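Student: need coordinates for the following:
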Amino acid sequence: MKRLLAVLLAGLMVLSLAACTPSQDADYIIYSDNAFAPFEFMKDGAYTGVDMDLMAAIAEDQGFTYTMKNEGFDAAMGAVQAGQADGMIAGMTINDKRKETYDFSDGYFEDGQIMVVAANSTIAAEADLAGKKVAAKKGTESTKYAESLKPTYGFEIIYYDDSPAMYQAVLTGAADACFEDFSVIGWAIKNDGIALKTVGEVVNKAYYGFAVKKGTNPELIEMFNKGLANIKANGKYEAILAKYGY
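Tutor: The predicted structure follows:
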């Protein structure tokens, strides 16, 4: 099994680089986030991550090509809505509100939100946020959750464009806490040595999905779903998650 995973991982690295190379002949334009490890992040001058590898494996399985643009989560949503992108894969949680604007694939990874504070913080519960400042990343489920708590606990929300900026705000004291997807902040703490810690339990567990503008590109959703099912059956999906510690 280990030998099989090693072979699959080597193949996935090649596929990821090939499928993400910009091409005028690409079938689709796909947008993604630019700093959301382990799903998309820069390494050795190229974007990698769970989403990057999944997209490459699914495209190879279904026989289509694409150009990947890592422009940020908010920018990706805007590009899809404006018709500048055919789809997006960016650790995007499937929910009923977003279904009003997007059509989603089957879910490909389950996650949820958790509160994050500095490693030396004394904040131990959501109630401790009263009168404090909370950092939030624009357009995300974590921000939506923070906004739902604000009327109860009376804290100020400061908005940021990406996760690193949000983390930095907490590290420097510009904010007292933030909310983030559990797997993402877990990666940052473990692999980047960032001096943050999680507080409380994971909430709002839901699945990430590939998304297109509502009513458009149904063939792309169909290919994504078929490809996802196939790579789950042949072991490539398992190999991708194993590559990033899942």
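Student: please count neighbours and contacts with C-alpha atoms only from this point.
Tutor: Will do.
Student: tell me the spacing between the residue nearest to Q113 when sequence neighbours are not counted and N34.
Tutor: Sequence neighbours aside, D181 is the residue nearest to Q113 in space, at 4.4 Å (criterion: C-alpha to C-alpha, 6 or more residues apart in numbering). Separation of D181 from N34 (C-alpha to C-alpha, to the nearest Å) stands at 15 Å.
Student: likewise for Y160?
Tutor: On the measure of C-alpha to C-alpha, Y160 and N34 end up 14 Å apart.
Student: so between those two, which is more surrounded?
Tutor: Neighbour count, other C-alpha atoms under 10 Å: between Y160 and N34, N34 has more, with 22 against 16.
Student: now do the contacts for that one.
Tutor: 40-42, 70-73 (C-alpha atoms under 8 Å, 6 or more residues apart in numbering).
Student: can you put those in CSV and add pLDDT and neighbour count?
Tutor: Shown next, in CSV, are these (pLDDT from 0 to 100; neighbours: other C-alpha atoms under 10 Å):
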residue, pLDDT, neighbour count
E40, 96, 23
F41, 96, 19
M42, 95, 15
N70, 97, 22
E71, 96, 15
G72, 95, 20
F73, 94, 27
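Student: checking the most centrally placed residue in the chain next. Helix, strand or coil?
Tutor: With distances taken as C-alpha atoms, centre = their mean, G91 lies nearest the centre of the chain, 2.3 Å away. Classification of G91 using DSSP: H, G, I helix; E, B strand; the rest coil returns coil.
Student: shaky segments in this structure?
Tutor: Residue ranges of the chain with pLDDT under 70: 1-25.
Student: for it, which segments are assigned as helices?
Tutor: Here the chain has its helices, by DSSP state H, at 2-19, 50-62, 73-81, 141-153, 163-172, 182-191, 218-234, 236-243.
Student: what number of residues are in the vicinity of the closest residue to I157 other than its chain neighbours?
Tutor: Counting by C-alpha to C-alpha, 6+ apart, I157 lies nearest to V134, which is 4.8 Å off, once chain neighbours are set aside. V134: 27 surrounding residues under other C-alpha under 10 Å.
Student: per-domain residue ranges of the protein.
Tutor: 2-108+209-243, 111-206 (automatic domain parsing).
Student: quick one: residues contacting the residue nearest to I158 when sequence neighbours are not counted.
Tutor: Excluding the flanking residues, the one nearest I158 by C-alpha to C-alpha, 6+ apart is A135, at 4.9 Å. Going by C-alpha under 8 Å, 6+ apart, A135 touches 157-160, 166, 169-170, 175-179.
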